[in-house]
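Engineer: Predicted model follows, preceded by the sequence.
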Amino acid sequence: MSQEFEYVIPPWEAEAIIKYLSVSNLEEIGTKTWFEYHKKLMHLNQQSILEIKHMREETIKEWFVTFQKIPILIYEAIQISVWKLKIFPRLDDDQEPSNTFMLYSVFYHETIAVSLMENILYHCDSVESLDDSALDLIDYAIDYITGIIFTKEPDGDKTEQDVESCLGELLKKKKEIEFDIGMKCISIIGYVSSFTDSLPLSTLKRLLSTHDVPYLFAQLIELHPWEKKINGVQMIYSSSWEKVKAGEEDKVCKVEGQVWFGLRELLLNPKSASYYQVTEFRMSALTKLQKYLHEQVLDQIAPLIDLRRWLSCLNISSQIPEPKPGICVEIIPQIRSSIVDKYRKEWKKIARQQSEYFFNKNTEYVQNMAVILSEAYDLDKMVIDDYKCVVCNDIATKRCSKCKSIWYCGRECQVKDWTNHKNICEKIIRARD
């Protein structure tokens, strides 16, 4: 990001946007009104990232809490997940979209809402302000976490047809976006779990009894989905896959740290005991965590010493005490069911209408939408820590002179990537025209 930008949008404008922010309408997705709404959320997210990056006062977070607007972000994320399930498969599949960026923006809208929540819910007062919408958020996030745990990657590479078609490329991006959302959801549940003392009993019960978050977190520690090897090179996920720097192979990443903190708070807090009986099945899963609490981890997260001690005692216990269940009024999440009930008989009708938006061949219409999206995705205002080379992941200083979207550390990597990039390059240029 250029140093001359002190903010993405002026503070007075950001405050006004948040104060009068309301939920979008599912049937308007793909219209000019909806893309203007998308642009506003995009700018708020960028401003939030900028404030965190430069350790400035987090005004975006403060306004979302003050005006009680966090539930709107939950609604937006859930609404797009419903749209992907009910509307996207019903769009006119007889047409190949000439421009997939509008559809991509709908998928990315969900990421923006989740990213804003991840930034805001780092703070205890934000979690406390969720009220009943916390249950909707927990259900939404757990869906993505279980997807990461129990969905196996298919073997083999993409077929040539998948790579070459616009739709195939879009579906690949959709999958990448959903993995990114899943990683953010892990952090969000980690934040919520870390504030156990501030949670209503209904929320705590949802985490422990309904979804068994300690078990899910134990599975995440075993799977380490935020790590992988590509051609023998160790990679770590931090908004994108990055090469692990020399000497940092044992460093605990942010997402893993949140999982450990969440586990410690949920298992060791006396408030949790009434809602979490350690059965033999749970004991078997939890005691496996001991092998991951080695000295390299404890040196970085000292409070985990208490968790290791608790797990050791659990391992040698001959009997498992059965706690008396706490009295708690069950509250049912409302957001997803309200959206589904509202549009239950209109999925096909909405899909036909939105097909006209997304597969529109009218040049003037496409250009009007492109203007809005170019303002939303203004690269000069995007908050990016460092550009990374798409080939070797080192710090990049050069980018493609045609599309100006792909970065390289030098000419050698650019030449190496040209075979893969040349087709994408033209599509990026056409999307902007």
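Structural biologist: Yep, that arrived.

Engineer: Could you check how far stretch 76-88 is from the centre of its chain?
Structural biologist: Chain-centre distance of stretch 76-88: 15 Å, with Cα atoms, centre = their mean, to the nearest Å.

Engineer: scratch that, stretch 30-41 is what I was asking about
Structural biologist: Using Cα atoms, centre = their mean, the mean C-alpha position of stretch 30-41 is found 20 Å from that of the whole chain.

Engineer: So what touches that stretch?
Structural biologist: Contacts to stretch 30-41, defined as Cβ atoms under 8 Å, 6 or more residues apart in numbering, come from residues 17, 21, 24-25, 28, 76, 102, 105-106, 109, 112-113, 116, 354, 357-358, 368-369, 372-373, 375-376. C-beta: built from backbone N, CA, C; applies to glycine.

Engineer: Show the buried residues in those residues.
Structural biologist: Neighbour counting by 16 or more other Cβ atoms under 10 Å classes 17, 21, 24, 28, 76, 102, 105-106, 109, 112-113, 116, 354, 357-358, 369, 372-373, 376 among these as buried.

Engineer: quick one: which of these sit in helices?
Structural biologist: 17, 76, 102, 105-106, 109, 112-113, 116, 354, 357-358, 369, 372-373, 376 (DSSP state H).

Engineer: what's the closest of the residues you listed to K84?
Structural biologist: Distance to K84 across these (Cβ to Cβ) is lowest for V106, with 8.3 Å.

Engineer: I'd guessed the closest one sits against V82; true?
Structural biologist: No - counting by Cβ atoms under 8 Å, no contact exists between V106 and V82, whose distance comes to 11.9 Å.

Engineer: Give me the buried positions along stretch 213-233.
Structural biologist: If you call a residue buried by 16+ other Cβ under 10 Å, then stretch 213-233 has these buried ones: 213-221, 225-226.

Engineer: my bad, should have said stretch 265-283
Structural biologist: Counting neighbours by 16+ other Cβ under 10 Å, one finds that the buried residues in stretch 265-283 are 265-267, 269, 272-276, 278, 282.

Engineer: Among those, which one lies nearest to P303?
Structural biologist: Out of the buried residues of stretch 265-283, the one with the shortest distance to P303 is E265. That distance is 9.5 Å, counting by Cβ to Cβ.

Engineer: residues contacting the closest one?
Structural biologist: Shown here is E265, whose contacts under the criterion Cβ under 8 Å, 6+ apart are 193-196.

Engineer: If we use 6 Å, what do you get?
Structural biologist: Taking Cβ atoms under 6 Å, 6 or more residues apart in numbering as the contact definition, E265 lies against 193-194, 196.

Engineer: for these, which one is nearest S238?
Structural biologist: S238 lies nearest to S194 out of these, by Cβ to Cβ, at 19.6 Å.

Engineer: Identify the farthest-apart pair in the ones in helices among the buried ones among the contacts of stretch 30-41.
Structural biologist: Greatest spatial distance among these (Cβ to Cβ): I17 and F358, at 25.9 Å.

Engineer: residues near the nearest residue to I142 once chain neighbours are set aside, how many?
Structural biologist: Here the nearest residue to I142 in space, its sequence neighbours aside, is H211; by Cβ to Cβ, 6 or more residues apart in numbering that works out to 4.8 Å. H211 has 19 neighbours, counted by other Cβ atoms under 10 Å.

Engineer: can I assume H211 is in contact with D143?
Structural biologist: No - checked against Cβ atoms under 6 Å, the pair H211 and D143 is beyond contact range at 9.8 Å.

Engineer: coming back round to it: so of the contacts of E265, which ones are in helices?
Structural biologist: 193-194.

Engineer: May I ask which of the contacts of E265 has the most neighbours?
Structural biologist: Neighbour tally across these (other Cβ under 10 Å): the maximum, 28 neighbours, falls on S193.

Engineer: Show me the strands in this protein, by range?
Structural biologist: Along the chain, counting by DSSP state E, strands occupy 227-230, 233-237, 241-243, 398-399, 407-408.

Engineer: Tell me which of those lies nearest to E169.
Structural biologist: E169 lies closest, by Cβ to Cβ, to one member of the strands of the chain: strand 241-243, at 18.1 Å.

Engineer: which strands and helices sit next to that closest one?
Structural biologist: strand 233-237 (3 or more Cβ pairs under 6 Å, 6 or more residues apart in numbering; DSSP states H and E).

Engineer: For the strand it packs on, which strands pair with it and how are they oriented?
Structural biologist: Using DSSP bridges, strand 233-237 pairs in its sheet with strand 227-230 (antiparallel), strand 241-243 (antiparallel).

Engineer: Give me the buried positions along that strand.
Structural biologist: Of the residues in strand 233-237, those buried under the neighbour-count criterion (16+ other Cβ under 10 Å) are 235-237.

Engineer: Can you tell me which of the residues you listed is closest to L50?
Structural biologist: Scanning these for proximity to L50, where the rule is Cβ to Cβ, the winner is Y237, at 22.0 Å.

Engineer: Next, the contact list for that closest one, please.
Structural biologist: Taking Cβ under 6 Å, 6+ apart, one finds 183, 226 in contact with Y237.

Engineer: what bridges to it?
Structural biologist: Following DSSP bridges, Y237 is listed with bridge partners W241.

Engineer: Could you check how far it is from K254?
Structural biologist: Separation of Y237 from K254 (Cβ to Cβ, to the nearest Å) stands at 10 Å.

Engineer: Repeat that for S401.
Structural biologist: 34 Å.

Engineer: Looking at those two, which has the bigger crowd around it?
Structural biologist: Summary of the neighbour comparison: S401 and K254, criterion other Cβ under 10 Å, with K254 having more neighbours (15 against 8).

Engineer: Comparing the strands of the chain, which yields the minimum mean pLDDT?
Structural biologist: Averaging pLDDT over each of the strands of the chain singles out strand 398-399 as the lowest, with a mean of 75.

Engineer: Rounded mean pLDDT for stretch 82-102, please.
Structural biologist: 83.

Engineer: all numbers from here: first residue = 615
Structural biologist: Sure, I'll start counting at 615 from here, so that last one is stretch 696-716.
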